[in-house]
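J.: Sequence plus the predicted model coming up.
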Amino acid sequence: IIQASPRITINSFEFLSAGESKSNTHLDDLTWQPLYTSDDQFIVKWSSSDTPKAINFELFDENGTSIALEERQNYAPKHNIHDPVKIQVPKQYLTSPKQLTLEVTTFDSNNQPYV
């Protein structure tokens with residue numbers, strides 16, 4: 001049996017920007033203005049018609065260096081696939097404008113990655 005690669009939909013990002021709670025569904029060019037030290041994370045809301053075996057949410061800086069990774073798994077021991085995805089951004093990336101990229105990788109039942 002051949003199965004299609006698992007796909008997810010990123011529905012929105014939720015974050016604090018200048019101390020105010022924001023939600024953005026326009027994901028192509030997201031502007032985030034972290035002003036306070038508490039503005040250091042964002043939440044990814046996602047959905048899927050067919051839940052993947054696992055998903056990695058990895059944040060990269062403008063040089064392609066990985067700066068944060070959140071893993072969700074649909075198998076033991078974690079079974080955390082539906083837990084909220086909170087990405088903690090390192091403080092040094094909040095002090096001046098930066099171009100950050102979120103890469104999402106899904107995994108099928110054979111643990112094959114799809115970016």
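T.: Arrived safely.
J.: Show the backbone phi and psi for the residue minimising distance to the centre of the chain.
T.: Centroid check for the chain by C-alpha atoms, centre = their mean gives Phe57 as the closest residue, at 4.1 Å. Per-residue torsions, Phe57: phi -110, psi 110 (degrees, to the nearest 10).
J.: ok, so what distance separates it from Leu94?
T.: Distance of Phe57 to Leu94, given as C-beta to C-beta, to the nearest Å: 18 Å. Any C-beta I mention is one placed from the backbone N, CA and C, and that applies to glycine too.
J.: rewinding a little: once you drop chain neighbours, what's closest to the residue nearest to the centre of the chain?
T.: Glu70 (4.5 Å; C-beta to C-beta, 6 or more residues apart in numbering).
J.: name the helices or strands packed onto the helix or strand hosting that neighbour?
T.: Assessed by DSSP states H and E, Glu70 sits inside strand 66-73. Under the contact definition 3 or more C-beta pairs under 8 Å, 6 or more residues apart in numbering; DSSP states H and E, strand 66-73 sits against strand 54-60, strand 85-88.
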